Structures are given as structure tokens and as C-alpha cells.
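Asks: sequence plus the predicted model coming up.
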Amino acid sequence: MLKVKDVLASKSKNIWSIGSNETAYKALEIMAEKDIGALLVIDKEQLVGIFSERDYARKVTLKGKSSKETGVGELMTREVYSITLDKSVDECLALMSATHIRHMPVFDNNKLTGMVTIGDIVNAIMHDQKIKIHDLEKYITGGDFVAVDDNP
């Protein structure tokens, strides 16, 4: 069974974060530079929230606030759902779907070890399914089956 630790192992080890006292503008700069959609908000080595493009769009743009004057702490999502390395990707996907979130911090023994996105999870499931299909086709045909890429 595919686990969250397997997904995290295939990703960069970097954990992109920002402090709650920084501005939304600074957060957006980091997110643009790293080409990511969310930052973990960490104060004194503790996860205190998450700041996403969704937070920005709904809490700055639509409310007429200034990103250069508004702090991340005012805008971040404080209720952060997380998962542990030993959970299955199916459990992770179910939690992300049920809570309508796209980014989920991953913990191991109460230590932050990374973050997975809905895209990471979906891609991992698709890859795993392709392998299973290939193995089944090989089993059914009794030999080496070479899968043909279905992309033209």
C-alpha cells in the first residue's frame, strides 16, 4: 500500500515557510520564487498556520487590503490539518477532499517533515495504478507486456 512517506520521499526535502509577522507581500514573493501555492507559517519552530494563494485572494484582494501592509498572521489559516508519514495516500486524499484543502503538512513523531499537495497525492495514485495495471496485464498474458504510452 502506497504511504505518505513514499510520496514525500520523491519530493524535495525543502520545507518552505514564513513567520506570522511577515507581510503577505513577502509571502507572495517567496511563493512566486519557489513556484508553490502555499507556505507553512512557523513561529518559534512551531507550526501556527498555513498561508495559501486562496487566503490571499479571499482575505486581501476581496477585502481591499494591502499586501505590503497586512501581516501573514492576520490572513493565515489557523486550523491546519496534517497527516503522518505512516498513513496511506488514500487516507490523505480522503482527508484533503473532506476538508477542501490542497496542501497538507506531514509529521513524524511530532516533527514537521514536509508538505504534500493534492497534486502530489493524485500523481502518486495514478503512477501506482499504472504499475498495477501493467503487472496485471503481464500476469494475464503470461509474459512481458510492454505498455504503450497513451499520450499521442
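Replies: Arrived safely.

Asks: strands along the protein, start to end?
Replies: Using DSSP state E, the strands of the chain run over 17-18, 38-43, 46-52, 83-84, 103-108, 111-117.

Asks: got the ones you listed as JSON lines, with mean pLDDT columns?
Replies: Output for the strands of the chain, formatted as JSON lines (pLDDT from 0 to 100):
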{"stretch": "strand 17-18", "mean pLDDT": "98"}
{"stretch": "strand 38-43", "mean pLDDT": "98"}
{"stretch": "strand 46-52", "mean pLDDT": "97"}
{"stretch": "strand 83-84", "mean pLDDT": "97"}
{"stretch": "strand 103-108", "mean pLDDT": "97"}
{"stretch": "strand 111-117", "mean pLDDT": "96"}
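
Asks: these: which one's closest to Ser66?
Replies: strand 46-52 (15.7 Å; C-beta to C-beta). (Glycine included, C-beta is placed from N, CA and C.)

Asks: which outside residues touch that closest one?
Replies: By C-beta atoms under 8 Å, 6 or more residues apart in numbering, the surrounding residues in contact with strand 46-52 are 18, 20, 24, 27, 37-42, 72-73, 75-78, 80, 82, 102-103, 105, 112.

Asks: same list (the strands of the chain) but as a markdown table, adding mean neighbour count and distance to Ser67.
Replies: Below are those laid out as a markdown table (neighbours: other C-beta atoms under 10 Å; distance: least, C-beta to C-beta, whole Å):
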| stretch | mean neighbour count | distance to Ser67 |
| --- | --- | --- |
| strand 17-18 | 21 | 13 |
| strand 38-43 | 21 | 14 |
| strand 46-52 | 19 | 11 |
| strand 83-84 | 18 | 30 |
| strand 103-108 | 20 | 19 |
| strand 111-117 | 18 | 22 |
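
Asks: who wins for proximity to Val7 among the ones you listed?
Replies: Val7 sits nearest to strand 111-117 of all the strands of the chain, at 5.5 Å, using C-beta to C-beta.

Asks: what about the protein, any weak spots by pLDDT?
Replies: Along the chain, segments meeting pLDDT under 70 span 143-152.

Asks: tell me, what residue is most central in it?
Replies: In the chain, the residue lying closest to the centroid (C-alpha atoms, centre = their mean) is Thr117, at 2.1 Å.
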